[in-house]
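In: Sequence and computational prediction follow.
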Amino acid sequence: TGEAEAARAAMGGSASLLPREALGEYQELTFLGKQEILLAYKRFSELLPKEERENACSARVPKSQILTLPELRANPFQHRICRVFSTSDDGDDSISFEDFLDMLSVFSDSATSDIKSHYAFRIFDFDDDGTLDRKDLEKLVNCLTGQGQESRLSNAEMEQLIQNILEESDIDKDGTINLSEFQHVVSRSPDFARYSVLQL
Amino acid sequence: RDCQQADIKYLSGWKQWKRTSSKSLKKVLGEVKELSSYLELWRHDIHSIEGKFGTGIQSYFSFLRFLVLLNFIIFILMFSFVTLPSIISKYGMFNSSFAKIPPKNIEPHCTVYEPSGNKGLVYFYTYLKDLLSGTGFLEVTVLFYGYYTIDAAWISILKYNLPLAYLLATFAYLALSLIWIIKRSVGGFKQNLVHNEDQFQSYCNKVFAGWDFCITDPNAARLKHRSLQYELQTDLEEERLKRKIADRTTKEKLRIYSLRIFINIIVIAVLSGCFYSIYRATVFSQENSNVSIRHGDVSNMNFQANLLVQYLPSIVITLANFIAPQIFSFLIRFEDYSPAFEIRLTLMRCVFVRLANIGVLLFSLWSQISYCATDECNACGYNYELYPCWESEVGQEMYKLMIFDFIIILAVILFVDFPRKLLVTHCSCKPVQWCGLQEFGISDNVLEIIYGQTICWIGTFFSPLLPAIATIKYFIIFYIKKISLIHTRKPAARPIRASSSNFFFLVVLLIGLVLAFIPLGISIAHIPSSKACGPFRNFNTSWAVVPHTIDGFPTGLRQVLYGIASEAFAVPFFMVICLIMFYFIALAGAHKRVVEQLREQLVMVRFDPLFCTPKV
């Protein structure tokens, strides 16, 4: 606590409970800068109940809390994002601080396109089987067009769309998209790098 | 994260430094950009409109902002080079004086011009009538061409050649508008090219990279969902239609083509009807307003009838601009085009109607002005009795068009949109609810402001302060449209892609500018300038001041300029330009072929054992 108080006095104000070595380590391991990590720490500790804020680094936030963040609230892939970045052994998709930093790092604008496409593939893979098959694509399109009956594409339109997607991206014609095919197709998308950025 | 850890250990110290320095450079650039964007006009308003209503409507408001800035710059240009020297020399500031060089070699009867400025006791409504139609006390002010009857101004010891300045300022504002619009549309053109060419993976791009992760507002998210759904559905429909068109039998093709020819004939008939009615209205208005004013008759018509006659051309043009697009959008349904092409074709027809209406108005004005029956009239070159200062007349017509356009926009919002909204909210009977609120029709609104801008471009030569009026008009329209949008419009059922809209607006604006060149060119170079007023009294036409000035240059320079204008230079120059153009076309064709070859290679790759991608 003596060291924590000294750190707090040194850095002043908000996120002062983050020890300096941890800060440096996080800067090295992620694509985030110092200010971004401190801001992330502040936002993360706000999600915790008051008693747990002291040990924010080792606490886990339940999924329902994370989904209250404005950046994730409106995102149709919110559940998949939590599932992919959660390192929880219980399978309850709770997020620790390091998971949170991981997520922000992948979605920052200094992350490489490789990393982004790798994680995007895992997010879109709804059944976690390592490939994007027809069912995954169907769920993906339904996420994009919105919840509700009138915003879904009809069956015929969905078939036509999935056919077109597979034609464009499935190089080995096996009916599924694997990671390298996905990364290949995404590397030539002009919008991908622009849109897959989360700002705190 | 383990991967990242491993990755970062491999990066050498130099690379790490490079990465941190590039990050800090990016930050600095970002902050500079943010600072400069604070200076942008209406940045916050347009941002909030984008968040609530989508990028299609936001592009309309950005376009409006662009026009405000353009008009303001044109006004500064004309004011500083034409109006300011005139005012300075007329009031004798800074030791200046001006010279009204007496007209030589001109019949004296051509030079009689007594503008009917208000003398004696006048009723109050005369001022109102003058304000609305640019006659009376407004006619002799800086607003119109007739004021600038100065041939040269001396400011201290410098001689300022006003006629030359007037003409060159006109060319300058046209060139400035052209360059600015082209510069703005180049960005959109590149994007358009990429989007149209890359049919290769448009679906993958939309599905995998479609969601913008920055969206935090649930309303904006709903809008994005809807726009994604609409885009996917339109693309799929276009593909289905293309297949259907390819499957058409010859008999069906014949039927469709003959139907299209028939409908185009109807369209031409509608257009001719509009043009003829505008011609008759202009002739009627000119005959009835001039006869009473010029010959000093006591006006039998009362105030309202007089104003109605003055504004008759504007009223007819506005009616034509309103009815013709409705007819076109009704007819296009029978022509069986793809949805995107339908929208484009209707828009092109509406654009043509609006811009050609102005052209017909000007043509009818000219036919009145140049109608010469007597010998005396032929000596002057124009109808000197009715139009001693015809440029001011044309300026007044443009002024009336602009004022009327503004009044109509205000009136529609105040008397149609707001009552409709009140009706829909408070009255729950079936027919009213079925009518419902109107959507914000982006293309209609854009055509409206392009029409206003074309009037401004044509009219600025005849009325140098018109851009100032246009700036104020568009400024007020911004706020009024924004309020109307927020309170009286329902959200669009079919969101529109912004990038192609931006480019399309600028293309139509460019068409308006090019069409504005034609009347100006004819006025400046063909029709004799009025001998009774204006800076070009001593010249045959307004353009004649340029050869006159060139004659005053030293011999060497004069010969160079004549050489540039002669055929010996123009023909080789034209051929060199053609060669350069062919070179760029060939280059583009070669690039396209390379892209095709690479595409084929990509498909072949899966068969080649050397290039097989390892499965993950």
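Out: The structure has been received and is ready for your questions. Residues are numbered from 1 along each chain as shown, chains lettered A, B, ... in the order given.
In: Does stretch B:245-260 reach chain A?
Out: No: on the criterion C-beta under 8 Å from any C-beta of the partner chain, stretch B:245-260 is out of touch with chain A, staying 15.9 Å away. Using the backbone N, CA and C atoms, a C-beta is placed for each residue, glycine as well.
In: any residues touching that stretch, and which ones?
Out: B:334-336, B:338 (C-beta atoms under 8 Å, 6 or more residues apart in numbering or on different chains).
In: could you redo the residues you listed as JSON lines and give each row distance to chain A?
Out: JSON lines is the format used below for these (distance: C-beta to the nearest C-beta, whole Å):
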{"residue": "B:334", "distance to chain A": "26"}
{"residue": "B:335", "distance to chain A": "25"}
{"residue": "B:336", "distance to chain A": "21"}
{"residue": "B:338", "distance to chain A": "16"}
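In: hmm, which two among those residues are most spread apart?
Out: Greatest spacing in the contacts of stretch B:245-260, by C-beta to C-beta: B:334 and B:338 (14.5 Å).
In: Buried by neighbour count, from the contacts of stretch B:245-260: which ones?
Out: Neighbour-count burial (16 or more other C-beta atoms under 10 Å in any protein chain shown) applied to the contacts of stretch B:245-260 gives B:336, B:338.
In: Quick one: the contacts of stretch B:245-260 as JSON lines, columns for distance to residue B:431 and secondary structure too.
Out: JSON lines is the format used below for those (distance: C-beta to C-beta, whole Å; DSSP: H, G, I helix; E, B strand; the rest coil):
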{"residue": "B:334", "distance to residue B:431": "27", "secondary structure": "helix"}
{"residue": "B:335", "distance to residue B:431": "31", "secondary structure": "helix"}
{"residue": "B:336", "distance to residue B:431": "32", "secondary structure": "coil"}
{"residue": "B:338", "distance to residue B:431": "34", "secondary structure": "coil"}
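In: Save the contacts of stretch B:245-260 as TSV, and put in pLDDT and distance to residue A:136 too.
Out: Listed next are the contacts of stretch B:245-260 as TSV, based on pLDDT from 0 to 100; distance: C-beta to C-beta, whole Å:
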residue	pLDDT	distance to residue A:136
B:334	83	43
B:335	83	41
B:336	80	38
B:338	75	31
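In: now, among the contacts of stretch B:245-260, which is nearest to residue A:113?
Out: Checking the contacts of stretch B:245-260 against residue A:113 by C-beta to C-beta gives residue B:338 as the nearest, at 34.7 Å.
In: Sticking with the nearest residue to the closest one once chain neighbours are set aside, tell me its helix or strand.
Out: Residue nearest to residue B:338 in three dimensions, not counting chain neighbours: residue B:241, with 4.9 Å by C-beta to C-beta, 6 or more residues apart in numbering or on different chains. For residue B:241, the enclosing helix or strand under DSSP states H and E is helix B:218-246.
In: List the buried residues of that helix.
Out: Within helix B:218-246, the residues that count as buried by 16+ other C-beta under 10 Å are B:220-233, B:235-236, B:239, B:241.
In: separation between residue A:74 and residue A:108?
Out: Residue A:74 is 19 Å from residue A:108, where distance means C-beta to C-beta, to the nearest Å.
In: what do you get for residue A:126?
Out: 25 Å.
In: Equivalent analysis for residue B:503, please.
Out: According to C-beta to C-beta, residue B:503 stands 32 Å off from residue A:108.
In: Same question for residue A:144.
Out: Distance, residue A:144 to residue A:108, by C-beta to C-beta: 23 Å.
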